[in-house]
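>>> Here's my sequence, what's the structure:
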Amino acid sequence: MTIAPVDPAARADARADAGGIQRFRAMLEQVAGPAIASLESPVAVDLIAALEELKSTVCAAQAVLSVALDTAERDRQAVAGVPARRRGQGVAAQVGLARRESPHRGSVLLGAAKVWTAEMPHTFAALRAGRLSEYRAMILVAETACLEREDRAEVDRLLCADPATLDGVGTRALAALARGHAARLDPSAVVRRARRAEGERRVSIRPAPDTMCYLSALVPMKHGIAAFAALKTAADLARTTQGGDPRGHGQIMADTLIQRITGLADPDDIPVTVNLVLSDTTLLGAGHDPAHLDTPGTSPAPVPAQIARELIAAGLDTHAVWLRRLYADPHGQLVAMSTTQRFHPDGLATFLRLRDQGICRTPYCGAPIRHIDHITPAAAGGPTDATNSQGLCEACNHTKQAPGWTQTLTPETHQHTVVTTTPTGHRYASHAPPPSTPAPQPSRDEPETGRRVVDLAFERLLATHAPIEYERRAA
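Now for the predicted structure:
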């Protein structure tokens, strides 16, 4: 299935307009140089305000272009015979790539653009005039999503028709105003939305700085308040007991949460397998390359070398550590296996997740890997091996199957590189994260140094703390 090509004349005009904007951007880049630091304060404030208004106007232009792209792609897909239910697939991903955002964010931006231009003219006018930021305009879309078109238009008129209405209104206040108008105009819709939201309760995890993580729970308000009150009461009690608890109030609440969820007095005793990928030099204390912590349900996070060694040492003491060795070839690419199977076997799938460090390979995506994908499809003769494979999230794997999307390998580069070409002919490169630096190869004059010393130390480490399982893939 093919997509009709873009009219060359139209593409030339678009590139001419893009060139003009690029020249304007270059001019602004000069304005943001060292000379601007010498401006007087009143002039600086005026420039800050003008540039903020410009940002909003640019976002409005991007919204119009996103809607136009969606319409054009749907028309082209209709001509190509794509079923109606699949038309528009991949447009949000193109918007995200063009804006250096994830495909999910591209979908959110495209959806908001459609609402602004079709249902909320006053909000869009305020955005285009620079009176409303993109973020605040998106809040109005979210807070009126449960309303019928006529009621949404009324909220749009009440909040944005008069420019003075937005003066001095903070972001939270604006959301509260929109929520209040929605509840007054259609209270049943707001109630239905609240009840539907209870069905979306969930627990999620995501990395935080300094080898921490955010464990979040989306629950009904009454349950959340009850849980928080119970943790606060436990912390208050611990701080007021004889001698007092030396931990801070927040620390006690966090520790109590983990203890009550796991049922263990010491959460460090939890028998959980953690995939910690690190170089041998980092493991043995000679290197400073960060390790990578790969945990289910979240994107991996870099771990400082010393922290990684402490994690392994603590696990070795409780016989709860599995060490996996992944060697790189002289060009720095990880060595892997190949298979003749259509689906990736568990070992190869695990290897690919570790090579891509658990993050979807689509540029700017950042979502956890859900699918192991053939770059050249198996139906087209693509082999099931590490070179022709990549980790993708579910949405990106479906998007690349849309008409007009292609992916190719760039074999001339040492780093595993995949180039994605969208239906408009734009190309985006994705590079596999570089592996940790291995120990140097042994010297001929010193056979017990370099790699051999690392191997011996690793074997002694395993022998000292049996039973420990590990995999070794040598070049």
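
>>> What strand or helix carries residue 179?
According to DSSP states H and E, residue 179 maps onto helix 171-185.

>>> Can you give me the buried ones in that helix?
For helix 171-185, burial by neighbour count (16 or more other C-beta atoms under 10 Å) applies to 174, 175, 177, 178, 179, 181, 182, 185. Using the backbone N, CA and C atoms, a C-beta is placed for each residue, glycine as well.

>>> Next: stretch 203-221.
By neighbour count with 16+ other C-beta under 10 Å, stretch 203-221 contains the buried residues residue 211.

>>> Quick check: residue 429 is in a strand.
Yes - residue state for residue 429 (DSSP: H, G, I helix; E, B strand; the rest coil) corresponds to a strand.

>>> Who are the contact partners of it?
Listed by C-beta atoms under 8 Å, 6 or more residues apart in numbering, the contact set of residue 429 reads 363, 410, 417, 418, 419, 420.

>>> Out of those, which two are the most distant from each other?
The most widely separated members of the contacts of residue 429 are 363 and 410, with 13.8 Å between them, by C-beta to C-beta.

>>> Those two: who's more crowded?
Legend: neighbour count by other C-beta atoms under 10 Å for residue 363 and residue 410, higher for residue 363 (19 against 13).

>>> May I have the phi/psi pair for the spatially closest residue to residue 421 that is not a sequence neighbour?
In this structure, residue 421 finds its nearest non-sequential neighbour in residue 406, 4.7 Å apart by C-beta to C-beta, 6 or more residues apart in numbering. Phi and psi for residue 406, reported as degrees, to the nearest 10, are phi -140, psi 150.

>>> Also the one 3 residues further on?
According to degrees, to the nearest 10, the main-chain angles of residue 409 amount to phi -90, psi 150.

>>> wait, it sits on residue 389?
No - contact criterion C-beta atoms under 8 Å: residue 409 and residue 389 do not qualify, at 10.3 Å.

>>> ok, those two, which is more surrounded?
Shown here are residue 409 and residue 389; by other C-beta under 10 Å, residue 389 has more neighbours (27 against 16).

>>> Any figure for the gap between residue 355 and residue 112?
Going from residue 355 to residue 112 by C-beta to C-beta, to the nearest Å gives 35 Å.

>>> Ignore what I typed, I meant residue 256.
Applying C-beta to C-beta, the value for residue 256 to residue 112 is 40 Å.

>>> more crowded one of these two?
Taking neighbours as other C-beta under 10 Å, residue 256 and residue 112 compare with residue 112 leading, 24 against 18.

>>> What pLDDT is listed against that one?
Note for residue 112: predicted pLDDT of 97.

>>> and if you look at residue 61?
pLDDT, read off for residue 61, is 95.

>>> ok, now the one 5 residues further on?
The predicted local confidence for residue 66 comes out at a pLDDT of 97.

>>> Quick check: it touching residue 107?
No - look at residue 66 against residue 107 with C-beta under 8 Å: they stay out of range, at 10.6 Å.

>>> the more surrounded of these two?
Between residue 66 and residue 107, counted using other C-beta under 10 Å, residue 66 has the larger neighbour count: 24 against 18.

>>> Next up, identify which helix or strand the more buried one is on.
Of the helices and strands defined by DSSP H and E, residue 66 is found in helix 41-79.

>>> Can you list the helices and strands that that helix packs against?
Of the remaining helices and strands, those touching helix 41-79 by 3 or more C-beta pairs under 8 Å, 6 or more residues apart in numbering; DSSP states H and E are helix 91-98, helix 103-119, helix 121-129, helix 134-143.

>>> now, of those helices, which is deepest in the fold?
Across the helices and strands packed on helix 41-79, averaging neighbours per residue (mean count of other C-beta atoms under 10 Å) puts helix 91-98 on top, at a mean of 24.

>>> Alpha carbons of that helix, in CSV - could you do that?
Taking Å, rounded to 0.1, in the frame of the first residue of the first chain, the C-alpha atoms of helix 91-98 are listed here in CSV:
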residue,chain,number,x,y,z
VAL,A,91,-0.2,11.7,12.3
ALA,A,92,0.2,12.2,16.1
ALA,A,93,3.6,10.6,15.9
GLN,A,94,4.7,12.9,13.1
VAL,A,95,3.6,15.9,15.2
GLY,A,96,5.6,14.6,18.2
LEU,A,97,8.7,14.0,16.1
ALA,A,98,8.5,17.4,14.5
